[in-house]
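# my questions are about this predicted structure, shown below with the sequence.
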Amino acid sequence: SWLGARPDAVAKYRDLYLDRDMDVLLIQSSVIHFLWPRWGLSYGLEVLSILEEPSFSNRAILVHASSIGGYTFTQMLSHVAQEPKRHACLAQRVVGHIYDSLVVGSLEHLSFKGLGKTLIPRLEGFIRNTAMFYFWLFKAYTADLYERSIHVFYNSPVTSPALFFFCENDVMCSPAVLGRLMDFWKQRGVAISSRKWEVSTHAAHLRCHPEEYVSTLQNYLNSLPTCSLMPKM
């Protein structure tokens, strides 16, 4: 789920899958995993280990990542990329991946200009300057690892069909950068679906545009192999 997500808001997304008789595993992202990527990597490995337990290991996986949840999923993919023989089966089990308000752009733009405007608009400048100094001070432990994560995500071992929800006015998502990502994935053979709005709210497209959101999601889910979604996750 996204940062600061309220239980009732998360429940609306969860119910979309429960209504299709799918099991749901909620993974909550924390800002500390972003501020100190090594902790994010540890958390990603923890989630990966759960999905590889005997009770889950034969299940198909459908990923729905909201906002910074895409970063958490990338940390999982980092382990898959580092140890492909050990984790190869997980990438093959992902039958689809959905990204709602994926956080993409320059480090300054997306992480703290965006967070400042979204969370505490009056302190946007202070948050941005403090954050960039922090990333400069601990570059080897933060910014350098982010660059590696971006490379992993672009070259993701998951090549099943993907769906993106985004809007033009999202300060935490650069439409231009996201467009380049989708084009790159298309060149790699990934089937891409997307829904873009001119005006919406970060991680709240379902609330702002419920009919379009649900229709797009259901069409995407219906396009996936039915047999893949039978042992649901």
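Structure received.

# my read is that Leu77 contacts His151, right?
No - assessed by CB atoms under 8 Å, Leu77 is found out of contact with His151, at 10.5 Å. Placement of C-beta: from N, CA and C, glycine included.

# which positions within stretch 92-106 qualify as buried?
93-105 (16 or more other CB atoms under 10 Å).

# my bad, stretch 37-46
37, 40-41, 43-45.

# show me where pLDDT drops low in the protein?
Along the chain, the parts satisfying pLDDT under 70 run over 1-5, 106-139, 141-143, 226-233.

# ranges for the strands of it?
61-66, 94-100, 162-167, 192-197 (DSSP state E).

# now the last one: buried residues?
Residues of strand 192-197 classed as buried: 193, 195, 197 (neighbour count, 16+ other CB under 10 Å).

# ok, of those, which one's closest to Cys167?
Nearest to Cys167 among those is Trp197, at 4.3 Å by CB to CB.

# neighbours around the closest residue to the closest one other than its chain neighbours, how many?
Taking CB to CB, 6 or more residues apart in numbering, and ignoring the residues beside it in sequence, Trp197 has Cys167 as its nearest neighbour in space, at 4.3 Å. Here the count is done by other CB atoms under 10 Å, and Cys167 has 20 residues near it.

# how close does Cys167 sit to Leu62?
Distance, Cys167 to Leu62, using CB to CB, to the nearest Å: 23 Å.

# sorry, back to before: looking at the buried residues of stretch 37-46, which are in helices?
37, 40-41, 43-45 (DSSP state H).
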